[in-house]
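In: Mind folding the following:
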Amino acid sequence: MKVLVALILLVQLPIHKAVPAAPPGPLGCDDPESEAAAEFAVNYINNYSHHGYKFALNRIENVRVLPQGLNNEILFLELDLLETECHILNPTPLENCTVRSFTEHAVEGDCDVKLQNLDGKLSVLASKCHSHADSNEDIVRVCPDCPLLVNLNNTQVLTAVTAALNYHNSKTADAYLKLLEIGRARIQYEPVHLVFVEFAVAATNCSAEEAKDNVDACQLLPDSQSNFGFCTATMAIRPLQDLQVDCKLYGHQPGVIYQPGQDTSAGLLPSVVQGFTNHNLRLSHNNPVASESSSSEFPTSAVAAKSVVKRTVGEVAQHDKVARPVGFVPPPPPCPGRIHHFKI
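Out: The predicted structure follows:
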């Protein structure tokens, strides 16, 4: 009898069963892990760009995750970037670089990046990028009088750059500067004819005074002493002629090396920009060290790994304001993600 009562009581007792924590759901474009991976990817892209300007994240278009095992996953990101005002040689951290405004004729970058997240550490396996300027029609529609980007080898542009650099060198007692590359050029025709140029420069082993005697003897400083800089200039052509120039040197930056496409000592432009309005963010890379990759174009040892903490179910539930069943994981935010600056 006692055995029967015990059995009846046992059946009536509630059964407590441990519910295993469900794994986090798929990543959304605005998820913190996606944002961290995108930030890492953008810094990588800027570190390996050799011409033009630094780019900042504008939007995550898409993110896909491919699990590879315990604490190992592959992330595929589609990123929209925007050109900043910082040249690639500028030591200013990206977070302090101003994104160029829409009316300055914005340039957009499109990148596909493949990363590995192994034990919370990110590494870039492959990346492919290109960039393009917004259409003239889009700019004129918003700002009819705004100057528009023109080809970097435009005759007026080359004249303005040459005049600006000659003017600076004639007014300084410091190092004689040589042109590295023209970064941007815009022309306004009405009501005043103006040419706006931006260009990267580097100090030589000559002073400006010494260069007057034999400019051909002036050579760029060796990598161990290199000193890069940047100039902006505005040349007024009509109704009055005028020239305003501002050049700044950044000082020596250990490890920073400029890689010209062709000889630019005489103001010649690298062939990659002939007939183009902006330096294309051409970056195509496969990590030769990673098992997920096959070809070798860029090493990755110079890029520091960044820790990424994956979401847990508890963290997700903590931010969920609505009461949910145990183990519920809300769906990720939709893709594409939020726009950080403006849409082109």
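In: Show me the protein divided up by domain.
Out: What automatic domain parsing lists as the domains of the chain is 20-136+282-318, 151-273.
In: With mean neighbour count as extra columns, can I get those domains in CSV?
Out: The way it works is simple: take the backbone N, C-alpha and C, and place the C-beta from them, glycine included. Formatted as CSV, these follow (neighbours: other CB atoms under 10 Å):
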stretch, mean neighbour count
domain 20-136+282-318, 17
domain 151-273, 16
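In: Quickly, which of those bottoms out on average pLDDT?
Out: Note on the domains of the chain: domain 20-136+282-318 shows the lowest mean pLDDT, a mean of 80.
In: So what's the gap between it and the chain middle?
Out: Distance of domain 20-136+282-318 from its chain centroid, counting by CA atoms, centre = their mean, to the nearest Å, is 9 Å.
In: List the contacts of the spatially closest residue to D119 that is not a sequence neighbour.
Out: Sequence neighbours aside, N71 is the residue nearest to D119 in space, at 4.9 Å (criterion: CB to CB, 6 or more residues apart in numbering). Applying CB atoms under 8 Å, 6 or more residues apart in numbering to N71 gives the contacts 118-120.
In: quick one: which helix or strand includes T162?
Out: Counting by DSSP states H and E, the element that carries T162 is helix 155-171.
In: whoops, I mixed them up, N46
Out: Counting by DSSP H and E, N46 is found in helix 32-47.
In: by contact count, what packs against that helix?
Out: Using 3 or more CB pairs under 8 Å, 6 or more residues apart in numbering; DSSP states H and E, the elements in contact with helix 32-47 are strand 53-69, strand 72-87, strand 107-118, strand 121-133.
In: need the ones you listed in a markdown table with distance to T155, can you?
Out: Below are the helices and strands packed on helix 32-47 laid out as a markdown table (distance: least, CB to CB, whole Å):
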| stretch | distance to T155 |
| --- | --- |
| strand 53-69 | 23 |
| strand 72-87 | 23 |
| strand 107-118 | 22 |
| strand 121-133 | 20 |
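In: Need the domains of the chain in JSON lines (columns: distance to K343).
Out: Listed next are the domains of the chain as JSON lines, based on distance: least, CB to CB, whole Å:
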{"stretch": "domain 20-136+282-318", "distance to K343": "8"}
{"stretch": "domain 151-273", "distance to K343": "21"}
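In: Could you point out which of these sits nearest I344?
Out: Comparison of those against I344 by CB to CB identifies domain 20-136+282-318 as nearest, at 4.8 Å.
In: residue contacts, the residue at minimal distance from the centre of the chain?
Out: By CA atoms, centre = their mean, the mean C-alpha position of the chain lies nearest to F55, the distance being 2.7 Å. Taking CB under 8 Å, 6+ apart as the contact definition, F55 lies against 42, 45-46, 49, 81-84, 109, 131, 281.
In: Skip the chain neighbours and tell me the closest residue to it.
Out: Distance criterion CB to CB, 6+ apart; nearest residue to F55, sequence neighbours excluded, is L81 at 3.9 Å.
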